[in-house]
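J.: Okay, predicted coordinates and the sequence, questions at the end:
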Amino acid sequence: MSRPLAGLKVLDLTRALSGPFSTMILADLGAEVIKVEPMPGGDMVRQWGPFDEDISVYYLSANRNKKGIGIDFRNEEGLALIKSMALKSDIVVENFKVGTMQAMGLGYEELSSQKPEIIMASISGFGSKGPAKNWAGFDQIAQGYSGFMSLTGTSESGPTRVGTAIGDLTAGMWMVIGILAAVVELKNSGRGQHVETSLLASLISLLSVQGQRYLSVQEIPEPCGNVHPVIAPYGAFETADGPLNLAPATQAMWLRLCSILDLEPMTTDSRFLTNADRMKNRHVLKEQLEVSLKRKTRMEWTPLMIQSGIPAGPINNLEDVFNDPQVLACKLVETVRHPILGDLKQVGLPLSTSHVEDGSSVRSAPPVFGQHTSSVFADYGFDPSEIERLLQQKVIHQAD
């Protein structure tokens, strides 16, 4: 059976991570995504390491299931080609600096005047309004500006970035939600629209209770590392072979934890009677718990905790993760054939739909630069002789 977004044609003018991640999700869900890369070298991320046989793994992480073409963005005829393709597409996605699309003659107003039903999706660093609208959209800058870094780390480390480009990734996810909402409205009204988000907006949307904490009671949260800001004990604790996450979030769980660890006297210790008491004495509490926890390994403690109704789990490295039986059982990694690398493993779409029989999301490898240029232009109705002329004049690029 067809995938949910089958039939939608997406012109992907994005680069780096936020936009490509967004369009990869659309492609995973069945949309036809045409990734347009500038000549001579393609998406800037192709130059970012590490590399597998000279191919950027950064690029590999966000560009599967797309058709790739190369166009000279600095050539007037090249821009005219992009505009022609945009007007034959359902959705155009871009993450250029604010104002760049208008400067290239590809702004929403220009395109929608000729095709009112077109949907344009734009991701920027800080939004299209305000004094920071022209700032470059780099993830760590946005993590700091949004306050996200102020919540991460410890009092000793100071503010710390999240270990992935979470602003890029969540902006891409929000963009998918906005695009899908626009598709639904298009079916109801017949009108397209311009959907926008930013790294700043996406990160502020994730502040959750910490953001509400300030808005409601004007408390400015401090970074608290691996402990919960309002519950104790709750966080990471050392075992015989490394850290274990424990989350005994209720009084009943606390009492069961003491029983499992043979620490029943702690249940009547005045320092630990209530959660408020334990919060005041959380450092000595952690020390005493770890004396017992170091008797066993992470994976010896985990099932004991789970069986007693206490949420727990090891803090894995990525070797642990990708060899974990739960990860393997859920088929969260898929393999696709790459024209240069051969079998390529990828983290798949973390969704499944009952109408997709095989359940797979990775259908084609991230394209090499210009891999599908000739076939895509043919699909868009260009005559073979015209395609050959454009290739000869280096307006477009086809991979060998």
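T.: The structure has been received and is ready for your questions. On a predicted model such as this, the values are computed, not experimentally measured, just so you know.

J.: Mind checking what secondary structure S360 has?
T.: Of the three states, S360 takes coil according to DSSP: H, G, I helix; E, B strand; the rest coil.

J.: That one contacts E334, doesn't it?
T.: Yes: counting by CB atoms under 8 Å, E334 is a contact partner of S360 at 5.7 Å. (Each C-beta comes from the backbone N, C-alpha and C, glycine too.)

J.: Number of residues surrounding L180?
T.: Counted with other CB atoms under 10 Å, the neighbours of L180 add up to 17.

J.: coming back round to it: shared neighbours, S360 and E334?
T.: G348 (CB atoms under 8 Å, 6 or more residues apart in numbering).

J.: residues in contact with S56?
T.: S56 touches 45-50, counting by CB under 8 Å, 6+ apart.

J.: How about L207: what's its closest non-neighbour residue?
T.: Once flanking residues are discounted, L207 sits nearest to G147: 6.7 Å by CB to CB, 6 or more residues apart in numbering.

J.: got a list of contacts for the one helix or strand V10 maps to?
T.: In the assignment (DSSP states H and E), V10 maps to strand 9-12. Contacts to strand 9-12, defined as CB under 8 Å, 6+ apart, come from residues 19-20, 23, 26-27, 31-36, 66, 82, 85-86, 88-93.

J.: Mind checking which of the residues you listed are in helices?
T.: 19-20, 23, 26-27, 82, 85-86 (DSSP state H).

J.: Just confirm S112 is within a strand.
T.: No: read with three-state DSSP, S112 is helix and lies in no strand.

J.: Just to check, S205 is in contact with M173?
T.: No: in this structure, S205 is not within contact of M173 by CB under 8 Å, at 10.3 Å.

J.: Could you give me the buried positions within stretch 108-117?
T.: 108, 111-112 (16 or more other CB atoms under 10 Å).

J.: Which of those residues sits closest to T160?
T.: Nearest to T160 among the buried residues of stretch 108-117 is Y108, at 37.5 Å by CB to CB.

J.: Not counting residues beside it along the chain, what's closest to L203?
T.: Of all residues not flanking L203 in the chain, S146 sits nearest, at 3.7 Å (CB to CB, 6+ apart).

J.: Ok, L344 next?
T.: H338 (4.2 Å).

J.: And the lengthiest helix in the chain, what does it pack against?
T.: As assigned by DSSP H, the longest helix anywhere in the chain is helix 166-189. Here helix 166-189 touches helix 18-28, strand 91-94, strand 119-124, helix 139-145, strand 194-198, helix 199-205, going by 3 or more CB pairs under 8 Å, 6 or more residues apart in numbering; DSSP states H and E.

J.: Does G49 fall in a helix, a strand, or a coil region?
T.: coil.

J.: Tell me the confidence at the nearest residue to it once chain neighbours are set aside?
T.: The shortest distance from G49 to any non-neighbouring residue, by CB to CB, 6+ apart, is to S56 (6.6 Å). Here the pLDDT value assigned to S56 is 97.

J.: is S56 in a bridge, and if so with what?
T.: Note on S56: beta-bridge partners by DSSP bridges are F51.
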